[in-house]
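Peer 1: predicted coordinates and the sequence they were generated for:
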Amino acid sequence: MRWAEEIDHPSTTGLAQCWGGAFGGALERNVDQAAEHAHKSIDLAQMLEMPLWLGWSRVFLGWALSLRGERDAGRHEIDGGISELRYNRCMLLMPLLLGLSAEAYAREGELALAHRDIDEAFELLERTAYVAWTPHLHLIRGELHRLEGPPALDQAQTALLTARELASAQELRTLELRAATVLGEMWARDGHADRAVNMLSPLYASFTEGFDTPDLINAKQLLDGLS
């Protein structure tokens with residue numbers, strides 16, 4: 001990021017802000033990072049008239065705002081960004097963006113709309129055969145089912161186990177840890193704390209850095225609570 005700013009090349013800076021900063025923040029669940037870099041990327045996209053960057057960055061910003069509790073502002077950005085990308089027929093990354101939209105809807109209690117977006121995300125994955133986002137989407141679907149309560153908990157567990165397996169296969173260790181943490185919380189609530197610890201403890205112990213990130217903090221808190 002610093003190098004991009006030092007060479008004073010707006011296109012390179014915009015790329016770094018959008019994908020290195022805003023997108024990276026969304027993947028790491030770092031709301032402040034996502035919002036900060038999305039704002040900067042939006043400014044550059046508007047200056048350079050880059051509609052794709054603008055669309056992507058608005059979704060990342062909207063996701064961050066929604067998770068901060070700024071529901072209306074977040075939804076405005078998410079819907080505006082997705083509409084911009086649909087207009088420009090930029091669909092390759094749409095499954096991921098719809099997943100972020102579904103997550104925001106779920107946090108807002110709009111579970112039917114969340115299902116609508118996550119279902120479309122999986123439909124688009126089948127058309128494109130682009131599997132990079134698959135574990136993320138299974139994780140979001142699992143968390144959505146978990147919010148629905150007991151009738152959907154089996155579906156939640158299936159989706160979360162799939163997310164964890166796919167993340168492991170793709171060597172996405174942080175995402176694997178996130179899925180394992182959510183699973184561990186479910187198992188612990190169901191009276192299977194030992195099973196949760198046995199799954200989560202070795203995975204957490206395999207990390208040597210990043211202990212101040214949300215995923216590792218959440219995993220540590222769960223393990224401490226179960227010990």
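Peer 2: Cool, the structure landed.
Peer 1: any idea how this structure splits into domains?
Peer 2: Dividing the chain into domains by automatic domain parsing, as the record does, gives the ranges 9-128, 130-227.
Peer 1: quick one: average confidence on the shortest one?
Peer 2: For domain 130-227, mean pLDDT is 95.
Peer 1: all helices of the chain, in order?
Peer 2: For the chain, helices defined by DSSP state H occupy the ranges 2-6, 10-15, 23-27, 31-48, 51-67, 71-87, 94-107, 111-128, 134-147, 153-169, 173-189, 193-205, 214-226.
Peer 1: possible to save those helices as JSON lines with mean neighbour count?
Peer 2: Every residue, glycine included, has its C-beta placed from N, CA and C. Formatted as JSON lines, the entries for the helices of the chain read as follows, by neighbours: other C-beta atoms under 10 Å:
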{"stretch": "helix 2-6", "mean neighbour count": "11"}
{"stretch": "helix 10-15", "mean neighbour count": "16"}
{"stretch": "helix 23-27", "mean neighbour count": "21"}
{"stretch": "helix 31-48", "mean neighbour count": "20"}
{"stretch": "helix 51-67", "mean neighbour count": "25"}
{"stretch": "helix 71-87", "mean neighbour count": "18"}
{"stretch": "helix 94-107", "mean neighbour count": "25"}
{"stretch": "helix 111-128", "mean neighbour count": "16"}
{"stretch": "helix 134-147", "mean neighbour count": "23"}
{"stretch": "helix 153-169", "mean neighbour count": "18"}
{"stretch": "helix 173-189", "mean neighbour count": "21"}
{"stretch": "helix 193-205", "mean neighbour count": "16"}
{"stretch": "helix 214-226", "mean neighbour count": "16"}
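Peer 1: pick out the residue closest to the middle of the chain.
Peer 2: When the chain is reduced to its mean C-alpha position, the nearest residue by C-alpha atoms, centre = their mean turns out to be residue 27, at 4.9 Å.
Peer 1: list the contacts for that residue?
Peer 2: Neighbour list for residue 27: 136, 174-175 [criterion: C-beta atoms under 8 Å, 6 or more residues apart in numbering].
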